[in-house]
Structures are given as C-alpha cells and as structure tokens.
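Student: coordinates only, sequence not included:
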C-alpha cells in the first residue's frame, strides 16, 4: 500500500476554470478559493458553485447598479428608441430593457480601470450596443413589426453616447453610498 499524500485534493483545473468564467472578476479569487477549500468531489464542487455563484453575481449587481436612476434612464431609452415610431410599444421598450439589463450584467463583471476610463466606457458601450443589435436580430426574426425604425436606431445611438458621458462621471463603477 502506498502512503496517503498529505496534499489535499483540488478540483480539476478545467472545472475550476469553467466555474471561474461565471464568477465576477472582482470576487473570483475568493469564491474559487472558498470552493476549493470545501472540495471533496466534482459533483459536490458543482453543487457548491450552483449555490454560491448566483449570490455572488447578485451581490455584485447590487454594488454596481444604481437602481434609483433606472426608471429615469429607462424612460430616456424608451423615448430614444421609440423616436419616429407611432407604435412605440414594444418597439422601444424591448431595446430599452435589453440596454438596462446588458449594463447591469456588464457592470457586475466589469473591472474598474481608473487609468483608462474613456476606453473602458467605450468598451462598455460597444458591448451593450452589440447586445442590442443581437436582440433586434432575434426580434426581427420572431416579430418583424417590432424592429426598431431608422429613427429609433439614431435615437438609441444618441442615448448610448449620453450614457457613455454619464459613465465617465463614475469610473470606479461603484454605486455611491449616501449616509
């Protein structure tokens, strides 16, 4: 019989890497470390991750999303995307909600870059714009009458420029705390 190693077992690298992809970068090291400490089998590791990761993502969303401004921003996005359209619902509401949701997720997974806030802001806007374009492709395939008009695309582009400028005002990406 071979003597047992005093080295504790660790999760497989591929499994740990896969779980690490869904954990927000700010919390990744701590979450993966905690999960590795409790590791006893791959199945148990996945179950622990399924219980832990959603809470971590929600926690990051709460830290990075300024929910008090969402109604105002959402209304502005609906007006922008609905520009030039008599039947604004759901033509304008779907891309507005998609934009808010995309920013929420992007902010949760965003690493602050205080040295290059303009570049980081442009990346944020590009990611959100790509998600809106993809969602409009799906909407166009499913319900062509709900696609944005040319004026709606222009209005949405202007709204994203305004959101870019607003994002530059808070380069660390954290919700301000008022006490």
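Tutor: Nice, I can see it. Owing to the predicted nature of the structure, the values given are computational and were not obtained by experimental measurement. Numbers count the residues shown, from 1 in each chain.
Student: what's around residue 91, how many residues?
Tutor: Residues near residue 91, counting by other Cβ atoms under 10 Å, number 23. (Glycine included, C-beta is placed from N, CA and C.)
Student: model confidence score at residue 2, please.
Tutor: Per-residue confidence (pLDDT) for residue 2: 48.
Student: any weak-confidence spans in the chain?
Tutor: Scanning the chain for pLDDT under 70 picks out the ranges 1-8, 176-179.
Student: buried stuff in the longest helix anywhere in it?
Tutor: With secondary structure taken from DSSP state H, the chain has its longest helix at helix 117-142. Across helix 117-142, burial judged by 16 or more other Cβ atoms under 10 Å covers 117, 120, 121, 124, 125, 127, 128, 131, 132, 135, 136, 139.
Student: thought residue 103 was touching residue 128?
Tutor: Yes. Contact criterion Cβ atoms under 8 Å: residue 103 and residue 128 qualify, at 5.8 Å.
Student: where does residue 40 fall, secondary structure wise?
Tutor: According to DSSP states H and E, residue 40 maps onto no helix or strand at all.
Student: for it, which non-adjacent residue is closest in space?
Tutor: residue 9 (7.6 Å; Cβ to Cβ, 6 or more residues apart in numbering).
Student: to what extent is that neighbour buried, counted in neighbours?
Tutor: By the criterion of other Cβ under 10 Å, residue 9 has 10 neighbours.
Student: the host helix or strand of residue 153 to helix 117-142, inter-axis angle?
Tutor: Under the criterion of DSSP H and E, residue 153 resides in helix 150-168. Helix 150-168 and helix 117-142 meet at an angle of 150 degrees, taking axes from the mean of the first three to the mean of the last three Cα atoms, to 10 degrees as the criterion.
Student: give the buried residues for stretch 40-51.
Tutor: For stretch 40-51, using 16+ other Cβ under 10 Å, the buried residues are 45, 48, 49.
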